[in-house]
Each structure stands twice: as structure tokens, then as C-alpha cells.
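Undergrad: no sequence for this one, just the structure:
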């Protein structure tokens, strides 16, 4: 799930807006990391490509 759809329990506003300190802290925490900028569809596509590459490599070495 991306942070733009999350609702803050502290202020009941979307986390992406960062209205309160809790929202801003969670937004910063979720934006850190290597795949934080990718949406879920892009992550699934990346996973499919990696699995395909591993399957191709496995068939060539066997």
C-alpha cells in the first residue's frame, strides 16, 4: 500500500498531506528505502522480470 492512501489515526487526514507531526514522521519513514518511490504495479513487474531471469539462468546452467 502506498502512503497516499493511508489515513492518520491522530488527525484523520491523509498521511500524504502531512498535517500533523505523526503524519510527517510516517511519511518520511515510508519514503525511505530502495523501493519506496515505486508503486505496487511496478514492484510486481520487477518481481516477474527477476523470476524470469532466474528461470532462464537456471535452464542454461542445468
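TA: Perfect, I can see it now. Because the structure is predicted, anything quoted here is derived from the model rather than measured.

Undergrad: which ones are touching residue 22?
TA: 8-11 (C-beta atoms under 8 Å, 6 or more residues apart in numbering). In this view, the C-beta of every residue, glycine as well, is placed from N, C-alpha and C.

Undergrad: sorry, that was for residue 6
TA: Contact analysis of residue 6 by C-beta under 8 Å, 6+ apart lists 14-16, 26.

Undergrad: Inside helices: which ones of those residues?
TA: residue 26 (DSSP state H).

Undergrad: can you pick the most crowded of the contacts of residue 6?
TA: Sorting those by how many neighbours each has (other C-beta atoms under 10 Å) puts residue 15 first, at 24 neighbours.

Undergrad: Check for me that residue 12 belongs to a helix.
TA: No. Under DSSP: H, G, I helix; E, B strand; the rest coil, residue 12 sits outside any helix and is assigned coil.

Undergrad: residues near it, how many?
TA: When neighbours are defined as other C-beta under 10 Å, residue 12 has 9 of them.

Undergrad: shaky segments in the chain?
TA: Scanning the chain with the threshold set as pLDDT under 70 gives 1-4.

Undergrad: how about the strands of it, start to end?
TA: With DSSP state E, there are no strands along the chain.

Undergrad: Contacts only, for residue 18.
TA: Contacts of residue 18 by C-beta under 8 Å, 6+ apart are 24, 27.

Undergrad: Kindly reformat the contacts of residue 6 as a markdown table containing distance to residue 49.
TA: What follows is these, written out as a markdown table (distance: C-beta to C-beta, whole Å):
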| residue | distance to residue 49 |
| --- | --- |
| 14 | 32 |
| 15 | 30 |
| 16 | 28 |
| 26 | 30 |
